[in-house]
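Colleague: predicted model, plus sequence, below.
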Amino acid sequence: MTTHFITAEIDLQETPLKLQQAIEAELQKRGEPLRWAITAVDSQGQTVQVEGIVTPSHGEGVKS
């Protein structure tokens, strides 16, 4: 199984549930999220730093 380490910056959301959905949607763009964590919060910039592990979507990262 191939995995990729991802970092992303996500805008803070109105509720924790909306923040979780925004994080998962961003990671989903890069593959299937296995796990993720918020590693930093910028309260002035209203963003969070997220680190995650994803498996590539079908066909991504696979060489013939």
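Modeller: Structure received.

Colleague: need the residue closest to the centroid of the protein.
Modeller: The geometric centre of the chain, computed from its C-alpha atoms, lies nearest to L27 (CA atoms, centre = their mean), at 3.4 Å.

Colleague: buried residues in the host helix or strand of that residue?
Modeller: Using DSSP states H and E, L27 falls within helix 16-28. Across helix 16-28, burial judged by 16 or more other CB atoms under 10 Å covers 19, 22-23, 26-27. All C-beta atoms are positioned from the backbone trio N, CA, C, and that covers glycine.

Colleague: mind checking the SS state of E14?
Modeller: Using DSSP: H, G, I helix; E, B strand; the rest coil, the structure places E14 in coil.

Colleague: count of neighbours near it?
Modeller: Neighbourhood size, E14 [other CB atoms under 10 Å]: 7.

Colleague: and it, how far from E24?
Modeller: Going from E14 to E24 by CB to CB, to the nearest Å gives 16 Å.

Colleague: angle of the longest strand that the chain contains against helix 16-28?
Modeller: Longest strand of the chain, by residue count under DSSP state E: strand 32-42. Angle, strand 32-42 to helix 16-28, by axes from the mean of the first three to the mean of the last three CA atoms, to 10 degrees: 120 degrees.

Colleague: show me what counts as buried in strand 32-42.
Modeller: Buried positions in strand 32-42, judged by neighbour count with 16+ other CB under 10 Å: 33, 36.

Colleague: the helix or strand following it pairs with which strands?
Modeller: Next helix or strand after strand 32-42 toward the C-terminus (DSSP H and E): strand 47-55. Next to strand 47-55 in the sheet, as set by DSSP bridges, lie strand 4-11 (antiparallel), strand 32-42 (antiparallel).

Colleague: check whether A22 really touches L12, as I assumed.
Modeller: No: A22 is beyond contact range of L12, at 9.0 Å (criterion: CB atoms under 8 Å).

Colleague: average pLDDT across the helix holding L27?
Modeller: Per-residue pLDDT values over helix 16-28 give a mean of 95.

Colleague: using PDB, list the CA coordinates for it.
Modeller: C-alpha atoms of helix 16-28 as PDB (Å, rounded to 0.1, in the frame of the first residue of the first chain):
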ATOM      1  CA  PRO A  16     -16.000  21.900  14.900                       C
ATOM      2  CA  LEU A  17     -18.200  19.800  12.700                       C
ATOM      3  CA  LYS A  18     -17.800  22.200   9.700                       C
ATOM      4  CA  LEU A  19     -14.000  22.300  10.400                       C
ATOM      5  CA  GLN A  20     -13.800  18.500  10.300                       C
ATOM      6  CA  GLN A  21     -15.800  18.400   7.100                       C
ATOM      7  CA  ALA A  22     -13.500  21.100   5.500                       C
ATOM      8  CA  ILE A  23     -10.400  19.200   6.600                       C
ATOM      9  CA  GLU A  24     -11.700  15.800   5.200                       C
ATOM     10  CA  ALA A  25     -12.800  17.400   2.000                       C
ATOM     11  CA  GLU A  26      -9.300  18.900   1.400                       C
ATOM     12  CA  LEU A  27      -7.500  15.700   2.200                       C
ATOM     13  CA  GLN A  28     -10.000  13.800   0.000                       C
END
